[in-house]
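> here is a sequence together with a model predicted from it:
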Amino acid sequence: MIKVVLFDIDDTLYDTSGFAKLARKAALNVMIDAGLPLSSDDAYILLREIIDEYGSNYDKHFNILTKRVFGEERPLLIALGMITYHNVKFALLRLFPQTTSTLIYLKKRGYDLGVVSNGITIKQWEKLIRLDLHHFFDHVITSEGAGVEKPDPKIFEVALEKMGCEAKNSIMIGNKFSEDIMGALNAGIPAILVNSELTESEKEYIKEEGIELKVLPNIGELKNIL
């Protein structure tokens, strides 16, 4: 019997399509207007290199960028970039149409809800607060808090411990097969893929391993299963 439902955040609860790129470009344009001596294209290429090098959850990309351009950090440009990035990013946050109604349905059915997400704990809570979803979730388990990232089973084991639940009585909902689904399955947790399509290689792997996996076109379909 399922008692706990665990969710990924990005592209599971809300649509992140393109918003990060738009926010980064807007931030760079503001920095360029304030004195960053690069074209928009060159600035974005450099920023992408820094993000690839340090990871998307690193919180000082603009610090590194100004240091590589000027040989030292430029606080004014960094602050302009950070503020613009966050303002644009959060202005573009949009829940998938049936997210709120699905979470209300699950809470009314008595499920305990939690989040398992790669990222920084404060940032993940901030997303949920800005989306007005924070009151639905009992715990938010992040890679920062667990010390490992999905698909490492340990992060799911930490989630089960915090939620006070066994793997067989929980289920994971996410949009990434390798991170959300396989990570959960390797921790003994059933999983459902939403808002995503399996690749041919993933389909073949599922067939070869005999994995039972439900794939739903949107989060609202959970109401027909749970």
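All right, it came through fine. As the structure is a prediction and not an experimental result, all values here were calculated from the model. Residues are numbered from 1 along each chain as shown.
> and the residue nearest to residue 11 when sequence neighbours are not counted, what's its pLDDT?
Nearest non-adjacent residue to residue 11, counting by Cβ to Cβ, 6 or more residues apart in numbering: residue 175, 4.6 Å away. All C-beta spots, glycine's among them, are computed from the backbone N, C-alpha and C. Looking at residue 175, its pLDDT is 96.
> number of nearby residues for residue 175?
Residue 175 has 20 neighbours, counted by other Cβ atoms under 10 Å.
> counting neighbours, what do you get for residue 188?
By the criterion of other Cβ under 10 Å, residue 188 has 14 neighbours.
> picking up where we left off before, how close does the residue nearest to residue 11 sit to residue 181?
9 Å (Cβ to Cβ, to the nearest Å).
> where do the contact lists of the two overlap?
Common neighbours of residue 175 and residue 181 are listed as residue 193 (criterion: Cβ atoms under 8 Å, 6 or more residues apart in numbering).
> looks to me like residue 115 is in a helix.
No. If the criterion is DSSP: H, G, I helix; E, B strand; the rest coil, then residue 115 is strand and not within a helix.
> for it, give me its contacts.
Neighbouring residues of residue 115 by Cβ under 8 Å, 6+ apart: 6, 7, 8, 9, 124, 128, 137, 139, 140, 141.
> I figured the last one hits residue 161, correct?
When you say that, I think you mean residue 141. No. With contacts counted by Cβ atoms under 8 Å, residue 141 stays clear of residue 161, the gap being 9.2 Å.
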